[in-house]
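Chemist: got a predicted structure plus its sequence, pasted below:
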Amino acid sequence: MRTVLLTHHYDAPARDVWDIAIDYDCLSEVMQGLVTFDGLPTGRVMPGQSLTVMVSLFGLLPAQPYHMDVVAFDDAAMRLTSSERGAGVKSWRHTLVVEATETGCTLTDRIEIDAGWMTWAFARWARFLYRRRHGPRLRILARRHKGTVQP
């Protein structure tokens, strides 16, 4: 088991960042070019939600089933925990927390990964993947705030 911990800072209201982080349409956008989804719902993550989608790395590799259960969801506290598995991963537990700061907010991703002997590779992938989400989220925020947030 490995744990990946990343924190990103946003010069935007915490609620705005939270709304983007839990929106499936935004997830598709921030993952564009890296992961494609077939069967991903639209709208917001919901408490107790359970879903299975087909995922393909870079849209080139054969699609594989990937399952996610929302095991904790607190909209007021802006905290989400999911339990995920599939595509070579035995367990991928993701906790996302958005917290207000004096200058905007922070978004923290904590990912606990078990992929057997390939855990090290999936941990590297997770670090890359979750870092890569930051730039597209900044662009979404800028679009929504008509240029008041700089990427």
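Modeler: Perfect, thanks for sending it. Residues are numbered from 1 along each chain as shown.
Chemist: contacts, neighbours, all on C-alpha from now
Modeler: OK.
Chemist: okay, strands next: where are they in this structure?
Modeler: For the chain, strands defined by DSSP state E occupy the ranges 2-10, 35-38, 50-57, 64-74, 79-86, 89-101, 104-114.
Chemist: any chance of those strands in CSV, plus mean neighbour count?
Modeler: As requested, the strands of the chain are exported to CSV (neighbours: other C-alpha atoms under 10 Å):
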stretch, mean neighbour count
strand 2-10, 16
strand 35-38, 18
strand 50-57, 17
strand 64-74, 17
strand 79-86, 20
strand 89-101, 19
strand 104-114, 20
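Chemist: and residue 131, which of those strands is closest to it?
Modeler: strand 2-10 (7.4 Å; C-alpha to C-alpha).
Chemist: direction included, what does that closest one pair against?
Modeler: strand 104-114 (antiparallel) (DSSP bridges).
Chemist: which residues does the partner strand contact?
Modeler: 1-14, 17, 89-100, 119, 122-123, 126, 130 (C-alpha atoms under 8 Å, 6 or more residues apart in numbering).
Chemist: rewinding a little: any chance of CSV for the strands of the chain, columns mean pLDDT?
Modeler: Shown next, in CSV, are the strands of the chain (pLDDT from 0 to 100):
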stretch, mean pLDDT
strand 2-10, 98
strand 35-38, 94
strand 50-57, 95
strand 64-74, 97
strand 79-86, 98
strand 89-101, 98
strand 104-114, 98
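Chemist: nearest to residue 141, of those?
Modeler: strand 2-10 (9.3 Å).
Chemist: okay, and the beta partners of the residue lying closest to residue 13 once chain neighbours are set aside?
Modeler: The shortest distance from residue 13 to any non-neighbouring residue, by C-alpha to C-alpha, 6 or more residues apart in numbering, is to residue 104 (5.3 Å). For residue 104, the beta-bridge assignment (DSSP bridges) gives partners residue 101.
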